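Asks: Output the structure for:
(one chain, ligands or ions: 1)
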Amino acid sequence: EAAGTPPAGPVLQTVDAANTRYSPLDAITAGNVGRLQVAWTFSTGILRGHEGAPLVVGSVMYVHTPFPNVVTALDLDHDGRILWRYEPKQDASVVAMLCCDTVNRGLAYADGAILLHQADTTLVSLDARTGRVNWAVKNGDPARGETNTATVLPVKDKILVGISGGEFGVRCHLTAYDARSGRRLWRAYSMGPDADMLVDPQTTTTLGRPVGRDSSLASWEGDQWKTGGGCTWGWYAYDPKLNLMYYGTGNPSTWNPAQRPGDNRWAQSIVARDPDTGRARWLYQMTPHDQWDYDGVNEMILTDQTVDGRTRPLLTHFDRNGFAYTLDRATGELLGAEKFDPAVNWATRIDLDPASKTYGRPVLDPRYAPETAGEDETTAGICPGAIGAKNQQPAAYSPKTHLFYVPTNHICMTYEPFRVTYALGVPYVGATVGLEPPPGETRTGALTAWDGVRGRSVWSIPEPFSVWSGVLATAGDVVFYGTLEGYLKAVDARTGRELYRFKTPSGIVGNVTTYTHGGRQYVAVLSGVGGWAGIGLAAGLTDPHDGAGAVGGYAALSSYTALGGQLTVFALPE
Ligand SMILES: O=C(O)c1cc(C(=O)O)c2c(n1)C(=O)C(=O)c1cc(C(=O)O)[nH]c1-2
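Replies: Coordinates of the predicted model:
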């Protein structure tokens, strides 16, 4: 067993509960990162998409894998010797229920426990020292299409967890479990009656006004909300001062908009909740009546910045629909919404006039609304594609540069909605999608530095493929990210100039992380191509329309990389 002082608070995938993915470590700098070298490597023993990052707690590194979600504890004091390994017993039938590869976005640590949320929705608390199970609970039922890919958020004495299944008509929810016992404390659905949603008609607000009675029910036809989606598979944030936690909800089910008239609240929304009770403080729907599969689950980044001469508690969200939203996270007031990818065309703008009847809503371009053409008709040239102008891979924020570093997609689609019938545990998608670069272009990605207060891009690095890796910003003024071809790249936080690159054994869909051990700073990243963008390689698919269009959209990837499952750790020479 490796010793070490226990950390003061939880250790998270997003570095902090504000989701900044900013590390104060500064031994590796823009001046010396060019001399980075590979210090050591580790094979996870599993192929397919490796999302998330290893967690370092004291002198132990915890490495997770895609399904079957093996956890390995490595002793950094003894050259990475394996302290323990936890291998869950999961029914392999869950693999067919995962929409977008067998990914898992990693572990969390709190109060001596490692928290693993498995693909089959089993939430496990492991003793961090021994790997023994403290407790395990089931959050859902894979036979109903309920699965998990996300990490969890420990808040005080609770563990907050989400669920996937938007492609199976699951009515998704956020659930709080007691950190000590695993007992379920509260559950808040994304749609349905107020009581199920833990919404109060008077005190829960949207854009500064009470939501009113049954704000969700009124936005669905009949009982379609019962198979309504709104899954909660993204990253969660927590503000201890306001005692509010934040997350986004995914697409309404089915994708075919003709089958679900109405705004379909509160799918595609940002939600602020009191973690003690689960009660919703405010909600904001980005994409009412979704026609494009623009899940609203991307991370909420909490910063305090000066807007119009006043320091405000901000929430910044780079939505899949291509708009970067800035809200006051205390009140849910909408302060700005600007396109962060130049290709975005489904909406011309977001209505920011509080006096307007359509305040907060996107102004659609009917040419790129699949409903204009109707069922069984193809609409071409919609940007972004269903995969979004940014997907779940998290951005970073540096308080030194006041810039967000955003891993983006530059991609469009053809979309053909068709009628589907709901059946338990059977895909409920209802659209055929083709993904492709914007007209006349070949690249599908960029890393973009974004000034949130001014609502504009400062610089952008074009990438041949979507940047499907989480970004890390450090106090050394370095920004790290991975590419689908497999490069780990380091760039100057102020200029975007490339300072270092190294080609790892497989495409990177993991999130770059950094830690110190023995007084030395390390940078670590998982390789292993997969996720939605890499599903063709990961699952061996070849029909261009498979993987909801990703197989065709990313076909060229096979010329650059192959399946993998490896951790690469970098350091400066001693
Ligand atoms: O609605 C859902 O339940 C759901 C779940 C997931 C998931 O759990 O991975 C993804 C999506 N939707 C999705 O729309 C999507 O673009 C996506 C990308 C990925 C990935 O890991 O690359 N997962 C998911």
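
Asks: Against which helices or strands is the helix or strand where T448 lies packed?
Replies: Using DSSP states H and E, T448 maps to strand 445-451. Counting contacts by 3 or more CB pairs under 8 Å, 6 or more residues apart in numbering; DSSP states H and E, strand 445-451 packs against strand 403-409, strand 456-463, strand 478-482. Quick note: C-beta positions are derived from backbone N, CA and C, even for glycine.

Asks: would you put the C-alpha positions of the first one in PDB?
Replies: In this case it means strand 403-409. The C-alpha coordinates for strand 403-409 follow below in PDB (Å, rounded to 0.1, in the frame of the first residue of the first chain):
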ATOM      1  CA  LEU A 403      -9.400  32.600 -22.400                       C
ATOM      2  CA  PHE A 404     -11.400  29.400 -22.900                       C
ATOM      3  CA  TYR A 405      -9.700  26.700 -25.000                       C
ATOM      4  CA  VAL A 406     -12.400  24.900 -26.900                       C
ATOM      5  CA  PRO A 407     -12.000  21.500 -28.700                       C
ATOM      6  CA  THR A 408     -14.300  21.900 -31.700                       C
ATOM      7  CA  ASN A 409     -15.900  20.200 -34.700                       C
END
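
Asks: Paired strands for that strand, with orientation please.
Replies: Here strand 403-409 is paired, per DSSP bridges, with strand 396-398 (antiparallel), strand 445-451 (antiparallel).

Asks: Mind listing what's buried along whatever helix or strand comes next after that strand?
Replies: Toward the C-terminal end, the helix or strand that comes next after strand 403-409 (DSSP H and E) is strand 412-417. Using 16 or more other CB atoms under 10 Å as the test for burial, strand 412-417 gives 412-417.

Asks: thought D477 was touching D492?
Replies: Yes. Between D477 and D492 there is a contact at 6.8 Å, judged by CB atoms under 8 Å.

Asks: Among these two, which residue is more densely surrounded?
Replies: D477 (21 against 17; other CB atoms under 10 Å).

Asks: could you list every residue that touches that one?
Replies: 29-30, 398, 400-401, 492-494 (CB atoms under 8 Å, 6 or more residues apart in numbering).

Asks: can you pull the contacts of the closest residue to the ligand within the stretch 251-400 of the chain?
Replies: In the stretch 251-400 of the chain, the residue that lies nearest the ligand is D295 (4.5 Å; CB to the nearest ligand atom). Neighbouring residues of D295 by CB under 8 Å, 6+ apart: 166, 231, 233-234, 248-251, 268, 320, 388.

Asks: Output those in TSV, with distance to the ligand appended to each entry.
Replies: Compiled in TSV, the contacts of D295 are given as follows (distance: CB to the nearest ligand atom, whole Å):
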residue	distance to the ligand
G166	2
C231	3
W233	4
G234	9
G248	11
T249	9
G250	4
N251	6
Q268	11
R320	7
G388	7
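
Asks: In CSV, list the residues you listed along with distance to G440 and neighbour count.
Replies: Below are the contacts of D295 laid out as CSV (distance: CB to CB, whole Å; neighbours: other CB atoms under 10 Å):
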residue, distance to G440, neighbour count
G166, 32, 30
C231, 35, 33
W233, 34, 24
G234, 32, 26
G248, 32, 30
T249, 35, 33
G250, 31, 30
N251, 29, 26
Q268, 30, 31
R320, 23, 30
G388, 21, 26
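
Asks: Run a quick neighbour tally on P354.
Replies: As a measure of burial, P354 has 11 neighbours, counting by other CB under 10 Å.

Asks: so who does the residue most central in space within the chain touch?
Replies: Central residue of the chain (CA atoms, centre = their mean): Q392, 2.7 Å from the mean position. Residues near Q392 by CB under 8 Å, 6+ apart: 51, 105, 233-235, 297-299.

Asks: Then P354?
Replies: 207-208.

Asks: try 10 Å
Replies: 207-208, 333-334, 360 (CB atoms under 10 Å, 6 or more residues apart in numbering).

Asks: Of the helices and strands packed on strand 445-451, which is nearest the ligand?
Replies: strand 403-409 (10.2 Å).

Asks: and that closest one, does that touch the ligand?
Replies: No. Strand 403-409 is not in contact with the ligand by CB under 6 Å from any ligand atom; minimum separation 10.2 Å.

Asks: residues of that strand that come out buried?
Replies: 403-409.

Asks: now the angle from it to strand 456-463?
Replies: Per axes from the mean of the first three to the mean of the last three CA atoms, to 10 degrees, the angle that strand 403-409 makes with strand 456-463 is 40 degrees.

Asks: what's the offset of strand 403-409 from the middle of its chain?
Replies: 13 Å (CA atoms, centre = their mean, to the nearest Å).

Asks: any idea of the mean pLDDT in it?
Replies: Average pLDDT, strand 403-409: 98.

Asks: Okay, helices next: where are they in the stretch 151-300 of the chain?
Replies: Counting by DSSP state H, counting those that start in this stretch, the stretch 151-300 of the chain has these helices, from start to end: 194-197.

Asks: quick one: secondary structure of A524?
Replies: Using DSSP: H, G, I helix; E, B strand; the rest coil, the structure places A524 in strand.

Asks: Quick check, it in contact with F42.
Replies: Yes. A524 lies in contact with F42 (CB atoms under 10 Å); the separation is 9.4 Å.

Asks: so what sits against both of those two?
Replies: 54, 61, 63, 567-569.

Asks: from the residues you listed, which two are the most distant?
Replies: M61 and T568 (12.9 Å; CB to CB).

Asks: Can you pull the residues that touch both of these two?
Replies: 42, 524.

Asks: and the stretch 51-200 of the chain, which residues reach the ligand?
Replies: So the stretch 51-200 of the chain meets the ligand at 51, 99-101, 103, 149, 164-167 (CB under 6 Å from any ligand atom).

Asks: can you tell me the residue of the stretch 401-550 of the chain closest to the ligand?
Replies: G531 (2.9 Å).

Asks: quick one, what contacts that residue?
Replies: So G531 contacts 48-51, 66, 100-103, 105, 149, 387, 391-393, 466, 468-469, 484, 507, 509-510, 538, 550 (CB under 10 Å, 6+ apart).

Asks: For D308, give me the pLDDT.
Replies: 88.

Asks: that older thread, run the angle between the strand holding T448 and strand 478-482 for me.
Replies: 150 degrees.

Asks: buried sites along strand 445-451?
Replies: For strand 445-451, by 16+ other CB under 10 Å, it's 445-450.

Asks: Stretch 563-573 now?
Replies: Going by 16+ other CB under 10 Å, stretch 563-573 has these buried residues: 563-572.

Asks: quick revisit: so for A524 and F42, which sits in the more crowded spot?
Replies: Legend: neighbour count by other CB under 10 Å for A524 and F42, higher for A524 (27 against 19).

Asks: So what pairs up with the more buried one in the strands?
Replies: T513, V569.

Asks: repeat for L327
Replies: Here L327, judged by DSSP bridges, has bridge partners L315, L334.

Asks: Turn the contacts of Q392 into TSV, including pLDDT.
Replies: Output for those, formatted as TSV (pLDDT from 0 to 100):
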residue	pLDDT
E51	98
R105	98
W233	98
G234	98
W235	98
V297	98
N298	98
E299	98
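
Asks: Nearest to V344 among those?
Replies: N298 (14.5 Å).

Asks: Burial check on that closest one, number of neighbours?
Replies: N298, neighbours per other CB under 10 Å, totals 28.
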